[in-house]
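Trainee: Sequence and computational prediction follow.
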Amino acid sequence: MSKEIVVSGIRSTGHLHLGNYFGAIQNYVLMQENYDCYFFVADYHSLTTHPDPKDLKANVFRVVAENIASGLNPDKVALYAQSDVPEIPELYLMLNMLAYVGELEKVPTFKEKVRTQPENVNAGLLTYPVLMAADILIHRAVKVPVGKDQEQHLEMARNFAVRFNNRYGNFFPEPQVFRFNNDTVKIMSLDGSGKMSKSENENNTIYLSDSDDTIRKKIMKAKTDAGPIAPNTEMPDYIQNLFLLMHLASRKEIVDIYRSQYNNCNIRYGDMKKQLAEDMAAFVRPIREHATELQKDETTLRMILKEGAEKARASASVTIEGARKLIGINYY
Ligand code: AMP
Ligand code: TRP
């Protein structure tokens with residue numbers, strides 16, 4: 001039986017952090033064994049925020065290196081740069097004719113950009129979900145491992161697929177969000193303000209490239225409070241986040257100890273953070289060291305991207321040929 005097709009992308013807008021790792025990459029690594037996987041660096045998407053051209057290449061190579069260092073195996077998956085697959089912008093153009101300005105203007109991520117960067121509300125931002133749909137539909141994927149923040153974009157990808165199918169004939173499957181154990185992991189910023197993200201709040205985000213000391217410092221400064229005063233109190237979200245991080249990086253016995261201390265109102269957050277800092281530093285260390293090594297070897301990274309693009313184009317060109325035919329573009 002042929003394997004189900006999976007697509008996911010990460011923008012090359014900065015250093016990868018624990019949110020990317022636990023929200024996305026860890027799922028990729030699990031999926032690579034049993035699915036036909038296409039994972040890519042969304043470098044075109046990153047252009048919506050006008051990155052400095054001299055940073056772009058290093059950013060793309062770092063994302064690739066950090067994914068491999070996290071356990072992704074380029075022999076098992078197609079790992080590529082979005083801009084190396086010209087069939088994606090071609091499908092994007094076709095899908096743009098099926099996307100309505102009104103619905104794009106209503107997308108929460110777009111409205112947020114209008115609010116936060118009114119000086120740069122470009123058409124690429126408006127059609128961001130169309131490009132994302134093209135990324136997915138180009139391989140006729142059925143499963144898309146992404147964090148909770150991307151669910152609305154996935155719904156739009158399904159809408160565009162259905163619209164294409166209704167107009168031109170059944171061609172695209174409807175892609176669904178996928179997570180192992182239905183577990184949605186959302187890692188919050190260490191100061192408790194919103195989610196950990198690449199561009200905001202650097203001091204409260206733990207990057208896969210952070211040194212042991214930086215990780216220790218950031219965790220020791222994480223937001224806590226005076227502790228619970230009644231047994232079995234519900235945890236505030238910033239404390240829950242520390243427990244989540246501990247659950248991800250520490251041994252179960254350790255988490256259990258602190259959890260029972262919390263429930264008995266004798267937890268000392270300073271001790272908990274010290275333990276978490278050591279365990280998280282030990283968790284990130286091998287990934288960082290491997291990624292640093294990989295980034296020194298540009299020849300290998302280039303080869304990986306080239307091979308990934310070849311695998312991706314082999315699948316993408318079949319889709320584009322089919323889509324052109326259905327639309328009526330078959331002149332020769
Ligand atoms: P981005 O960094 O926005 O390109 O996101 C790449 C992937 O990481 C997407 O699948 C996101 O859903 C996921 N992701 C980003 N930030 C977080 C976070 N703080 N918690 C969980 N998942 C996240
Ligand atoms: N929009 C996604 C994010 O910001 C990145 C992305 C682009 C993506 N194209 C995709 C994710 C296709 C999954 C599938 O996280």
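Mentor: Sure, I can see it. Ligands and ions are numbered 1, 2, ... in the order given.

Trainee: Stretch 207-215 and ligand 1, any residue contact?
Mentor: No: residues of stretch 207-215 contacting ligand 1 under C-beta under 6 Å from any ligand atom: none, with a closest distance of 11.4 Å. To be clear about C-beta, it is placed using only N, CA and C from the backbone, and glycine gets the same treatment.

Trainee: Backbone dihedrals for Q176, please?
Mentor: phi -120, psi 150 (degrees, to the nearest 10).

Trainee: residues near it, how many?
Mentor: 12 (other C-beta atoms under 10 Å).

Trainee: any idea how far K76 lies from C265?
Mentor: K76 sits 48 Å away from C265, going by C-beta to C-beta, to the nearest Å.

Trainee: do T319 as well
Mentor: Per C-beta to C-beta, T319 is found 58 Å from C265.

Trainee: higher neighbour count, those two?
Mentor: In this view T319 and C265 are compared by other C-beta under 10 Å, and T319 has more residues nearby, 20 against 13.

Trainee: Need the three-state assignment for that one.
Mentor: State at T319, reduced to three classes by DSSP: H, G, I helix; E, B strand; the rest coil: helix.

Trainee: Next, the contact list for it, please.
Mentor: T319 sits next to 87, 91, 137-140 when contact means C-beta atoms under 8 Å, 6 or more residues apart in numbering.

Trainee: So which of those residues belong to helices?
Mentor: Using DSSP state H, the members of the contacts of T319 that fall within helices are 87, 91, 137.

Trainee: Which residues of the stretch 151-300 of the chain lie near ligand 1?
Mentor: Contacts of the stretch 151-300 of the chain with ligand 1, taken as C-beta under 6 Å from any ligand atom, map to 185-187, 195-198.

Trainee: Just the pLDDT for N181.
Mentor: In this model, N181 is scored at 69, pLDDT.

Trainee: ranges for the helices of the stretch 1-150 of the chain?
Mentor: For the stretch 1-150 of the chain, the helices defined by DSSP state H, counting those that start in this stretch cover 18-20, 26-31, 43-46, 53-69, 87-96, 101-105, 108-116, 123-126, 128-137.

Trainee: Give me the contact list for the third one.
Mentor: Identification of contacts with helix 43-46 by C-beta under 8 Å, 6+ apart yields 9, 11-13, 56, 59-60, 81-83, 88-89, 128, 131-132.

Trainee: wait, does that helix contact ligand 2?
Mentor: Yes: applying C-beta under 6 Å from any ligand atom, one finds helix 43-46 touching ligand 2 at H45.

Trainee: Quick check: buried residues in stretch 194-211?
Mentor: 195-198, 201, 204-210 (16 or more other C-beta atoms under 10 Å).

Trainee: Include secondary structure, distance to I68 and pLDDT when you put those residues into a markdown table, please.
Mentor: Below are the buried residues of stretch 194-211 laid out as a markdown table (DSSP: H, G, I helix; E, B strand; the rest coil; distance: C-beta to C-beta, whole Å; pLDDT from 0 to 100):
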| residue | secondary structure | distance to I68 | pLDDT |
| --- | --- | --- | --- |
| K195 | strand | 25 | 88 |
| M196 | coil | 22 | 91 |
| S197 | coil | 22 | 84 |
| K198 | coil | 19 | 77 |
| N201 | coil | 27 | 82 |
| N204 | helix | 27 | 95 |
| T205 | coil | 21 | 96 |
| I206 | coil | 20 | 97 |
| Y207 | strand | 16 | 97 |
| L208 | coil | 12 | 97 |
| S209 | coil | 14 | 96 |
| D210 | coil | 18 | 97 |
